[in-house]
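>>> All I have is the shape, not the residue letters:
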């Protein structure tokens, strides 16, 4: 299967492994990540399951790969499910590395919808997002567990883009209008972190990744004048090669 199909997963796994000093290696057409003592790789098995495998490397001995986690996944698997797989793989790698996290996902509280001074901050924005997409609550907890704080840009770069692109691709006017209304409301009443997340991370991030969705996105955004203006300006900025390298 085309590796681009599980790019969301490999990007999340690579980020964690590179932070831990692993490097991409290859041996007899086999690609894996290694720090010289341990190795990790992602591949499909004979049954078509996407597997996360690990091995302990010892000089002069053969490599014995063990499956840490496996999932059924194909081209029709939505990005949200791929993100859940990535979270599971990250948990498995941390276990393999003997990492003791300061919090477990069961100990992480969900964000509050409560507004502070009538302003939508990133916490209440995220709470609203999770109310719309409750299946992503575990992904939120994983983010907090992994970084010991909520890195909202990392979270929405994956899940905001995934949901926005899925809504646009689905083509159901009611769903698209509802999503746009939610974005516009939060944009109008949001603080700087929220407006930046909406304009840059979610909207521009989606349309840079999926340029064929640009026309539909801006047509549905027509009645939200200020939101559309900022999104168009940001997208035009990011389309310039020198800026794309700097910001993306």
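Arrived safely. The structure displayed is predicted, hence computed values, not measured ones.
>>> From here on, just use CA atoms for contacts and neighbour counts.
OK.
>>> who does the residue lying closest to residue 32 once chain neighbours are set aside bridge with?
Once flanking residues are discounted, residue 32 sits nearest to residue 41: 4.5 Å by CA to CA, 6 or more residues apart in numbering. Judged by DSSP bridges, the bridge partners of residue 41 are residue 53.
>>> how near is residue 41 to residue 218?
Distance, residue 41 to residue 218, using CA to CA, to the nearest Å: 40 Å.
>>> Which of those two has more residues huddled nearby?
Remark: of residue 41 and residue 218, residue 41 carries more neighbours, 20 against 17, as counted by other CA atoms under 10 Å.
>>> What is the burial count for the spatially closest residue to residue 51 that is not a sequence neighbour?
With sequence-adjacent residues excluded and distances taken as CA to CA, 6+ apart, residue 51 is closest to residue 70, at 4.2 Å. A count of neighbours around residue 70, defined by other CA under 10 Å, yields 19.
>>> got it, and residue 33?
By other CA under 10 Å, the residues close to residue 33 number 21.
>>> how far away is it from residue 161?
Noted for residue 33: a distance of 27 Å to residue 161, by CA to CA.
>>> now residue 135
When residue 135 is compared with residue 161 (using CA to CA), they lie 15 Å apart.
>>> again with residue 97
Distance of residue 97 to residue 161, computed by CA to CA: 30 Å.
>>> In terms of neighbours, single out the busier of these two.
Legend: neighbour count by other CA under 10 Å for residue 97 and residue 161, higher for residue 161 (24 against 11).
>>> The more buried one reaches residue 202, doesn't it?
Yes: distance between residue 161 and residue 202: 5.1 Å, which falls inside the contact criterion (CA atoms under 8 Å).
>>> returning to that earlier point: could you grab the helix/strand/coil label for the residue nearest to residue 51?
strand (DSSP: H, G, I helix; E, B strand; the rest coil).
>>> now do the one 4 residues further on
When the structure is reduced to helix, strand and coil (three-state DSSP), residue 74 reads as coil.
>>> Then the one 3 residues further on?
The three-state label for residue 77, taken from three-state DSSP, comes out as coil.
>>> who touches the spatially most central residue of the chain in this structure?
Nearest to the mean C-alpha position of the chain, counting by CA atoms, centre = their mean, stands residue 158 at 2.3 Å. Residues in contact with residue 158, defined by CA atoms under 8 Å, 6 or more residues apart in numbering, are 8, 83.
>>> Confirm it sits in a helix?
Yes: using three-state DSSP, the assignment for residue 158 is a helix.
>>> Tell me where the chain has strands.
Per DSSP state E, the chain carries strands over the ranges 23-27, 30-34, 38-44, 49-56, 66-72.
>>> Tell me the strands beside the first one, with direction?
When you say that, I think you mean strand 23-27. Assessed with DSSP bridges, strand 23-27 is paired to strand 30-34 (antiparallel).
>>> got the contact list for the partner strand?
Outside of strand 30-34, the residues within contact range by CA under 8 Å, 6+ apart are 17, 22, 23, 24, 25, 26, 39, 40, 41, 42.
>>> Buried residues in that strand, which are they?
Buried residues in strand 30-34, defined by neighbour count with 16 or more other CA atoms under 10 Å: 32, 33, 34.
>>> right, so of the strands of the chain, which gets closest to residue 88?
Nearest to residue 88 among the strands of the chain is strand 66-72; the distance by CA to CA comes to 7.7 Å.
>>> Low-confidence bits of this protein, can you list those?
1-4, 60, 99-107, 113-117, 242-248 (pLDDT under 70).
>>> what sits against residue 112?
The contact partners of residue 112, by CA under 8 Å, 6+ apart, come to 123, 124, 127.
>>> how far away is it from residue 142?
To residue 142, residue 112 is 17 Å away according to CA to CA.
>>> Next: residue 178.
Distance, residue 178 to residue 142, by CA to CA: 27 Å.
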